[in-house]
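[1] coordinates only, sequence not included:
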């Protein structure tokens, strides 16, 4: 059982009161409370101030209240697996006495977030995209704090604060619900990282649901639509090139930032134990830093043959301009291919300067990201491919992440399992 004892180390008129938190025989945490007392007013029998004047009585009450507070903090953090050391004790004392330096103390959420970002920058596996999203979080939360006229400590960030911050993002900043939800998820990531580094977090955070981005409308091209795209004939060279890149993308399953930098030097051949040769392309994804290896589909090989074994030319030397032009051209390609199904999706409104969900022709909603999502969605529906197989190509870390990406829910899983049960039952009947 943890116990607290106070003592003096010096005999002076302004002796600092020391504190010892004994957790076990081998673990005793000691530091100064920075409270002072004349050593002649200290009782070595009770380890508290002598009760000989009103000032000492008040100090005794303060020390007892501090003991109760620290023991409650200890019980909570011990149960949560927080690292208990002298730094932990000092941090608790500083918070209790409100001695926090809001400019540098990393118990302040924004200070911790800045340190979090700096640390991620030093790790090669973290990309510019990752750093950018946490910088965006820093800027948005700083604006939120300014509105609330409060600087939040890490442990102040409760479920109520997360809800209020999300509402601020949607109402004040005009963000879509799915975008606001991503901000909350990123914020929770930082909070949990702080807990792993010994910080106290609010008890509501662990069980707080950020909501889901699954409500976002998922636009993809079916195999039939891809076939229509393959068949179009145009004299516009850029549109013809965009058509080929679009079809390639739907069978390679990569983001435009990776797709449009592919070249024949990334392709290699591997032979299996039976002597069968297969061709693959290997690329390290820019966003995640993950290496993926993709078998070349016949549709891919067909387009590579058109360009003498290489990929189509790109639209610009600058990667950013290249993606912008690709996005622009594939909308026209899909329009020419008759991809006119009416669907709901996100469209930027020039007047309101906000993204809005509207119903429009699918060709208007097509962007470069349709490549990766079409690959994932189309092949997920094929029983010949397992989800881990597809994830190894798209680069998703978990099945839940993958399913959310293509817009599948628990009901979809249940239906797929039910169909498999039915197939197994029919096979059993045929063989009996």
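    Looks like it arrived, so ask away. In this text, all values refer to a predicted model and were calculated from it rather than measured experimentally. Numbers count the residues shown, from 1 in each chain.

[2] Every contact and neighbour count from this point should use C-alpha atoms.
    OK.

[3] okay but residue 337 is in contact with residue 228, surely?
    Yes - counting by C-alpha atoms under 8 Å, residue 337 does reach residue 228; the two are 5.5 Å apart.

[4] neighbour-wise, which of these two wins?
    residue 337 (20 against 15; other C-alpha atoms under 10 Å).

[5] And the pLDDT for the nearest residue to that one once chain neighbours are set aside?
    Nearest non-adjacent residue to residue 337, counting by C-alpha to C-alpha, 6 or more residues apart in numbering: residue 229, 5.1 Å away. As predicted, residue 229 sits at a pLDDT of 97.

[6] part of a strand, is residue 229?
    No - going by DSSP: H, G, I helix; E, B strand; the rest coil, the assignment for residue 229 is helix, not a strand.

[7] quick one, strands of the protein?
    3-8, 15-22, 28-37, 42-43, 48-49, 267-271, 277-284, 291-295, 342-349, 354-361 (DSSP state E).

[8] and the longest one, average pLDDT?
    For strand 28-37, mean pLDDT is 93.

[9] Please apply the same query to the second one.
    Across strand 15-22, pLDDT averages out at 94.

[10] Repeat that for the last one.
    Averaged across strand 354-361, pLDDT comes to 80.

[11] Partner strands of that strand, with direction?
    strand 342-349 (antiparallel) (DSSP bridges).

[12] and the residue nearest to residue 337, what does it touch?
    243, 247, 333-334, 336-337 (C-alpha atoms under 8 Å, 6 or more residues apart in numbering).

[13] Let me see the contact set for the most centrally placed residue in the chain.
    The residue lying closest to the centre of the chain (C-alpha atoms, centre = their mean) is residue 186, at 4.8 Å. For residue 186, the contact set (C-alpha under 8 Å, 6+ apart) comprises 134, 137.

[14] related to what we said a few turns ago, so which of the strands of the chain has the densest surroundings on average?
    strand 48-49 (a mean of 24; mean count of other C-alpha atoms under 10 Å).

[15] helices or strands next to that strand in the packing?
    The helices and strands touching strand 48-49, judged by 3 or more C-alpha pairs under 8 Å, 6 or more residues apart in numbering; DSSP states H and E, are strand 42-43, helix 54-80.

[16] Residue 6: which of the ones you listed is closest?
    helix 54-80 (8.4 Å; C-alpha to C-alpha).

[17] buried sites along the closest one?
    Within helix 54-80, the residues that count as buried by 16 or more other C-alpha atoms under 10 Å are 56, 59-60, 63, 66-67, 70-71, 74, 77.

[18] Of the residues you listed, which pair is most distant in space?
    Across those (C-alpha to C-alpha), the longest gap, 31.2 Å, separates 56 and 77.

[19] for the stretch 51-200 of the chain, which spans come out with low pLDDT?
    By pLDDT under 70, the low-scoring segments of the stretch 51-200 of the chain are 100-104, 124-126.

[20] of the buried residues of helix 54-80, closest to residue 221?
    Looking across the buried residues of helix 54-80 and measuring by C-alpha to C-alpha, the closest to residue 221 is residue 77, at 50.2 Å.

[21] Quick check: the residue nearest to residue 82 when sequence neighbours are not counted vs residue 84, distance?
    Spatial nearest neighbour of residue 82, chain neighbours left out: residue 198 (5.2 Å); criterion: C-alpha to C-alpha, 6+ apart. Note on residue 198: its distance to residue 84, by C-alpha to C-alpha, to the nearest Å, is 7 Å.

[22] Equivalent analysis for residue 160, please.
    28 Å.

[23] Check residue 232 too.
    Residue 232 is 67 Å from residue 84, by C-alpha to C-alpha.

[24] do the same with residue 384
    51 Å.

[25] Kindly report the same for residue 78.
    8 Å.

[26] same thing with residue 407?
    43 Å.

[27] more crowded one of these two?
    Remark: of residue 407 and residue 84, residue 407 carries more neighbours, 18 against 15, as counted by other C-alpha under 10 Å.

[28] Hmm, residue 219 and that one touching each other?
    No - here residue 407 does not reach residue 219: they are 9.6 Å apart, not a contact under C-alpha under 8 Å.

[29] For residue 289, the count of nearby residues, please.
    14.

[30] separation between it and residue 281?
    16 Å.

[31] can you check residue 275 too?
    19 Å.

[32] again, but for residue 93
    Taking C-alpha to C-alpha, one finds residue 93 at 57 Å from residue 281.

[33] Residue 261 too?
    Taking C-alpha to C-alpha, one finds residue 261 at 12 Å from residue 281.
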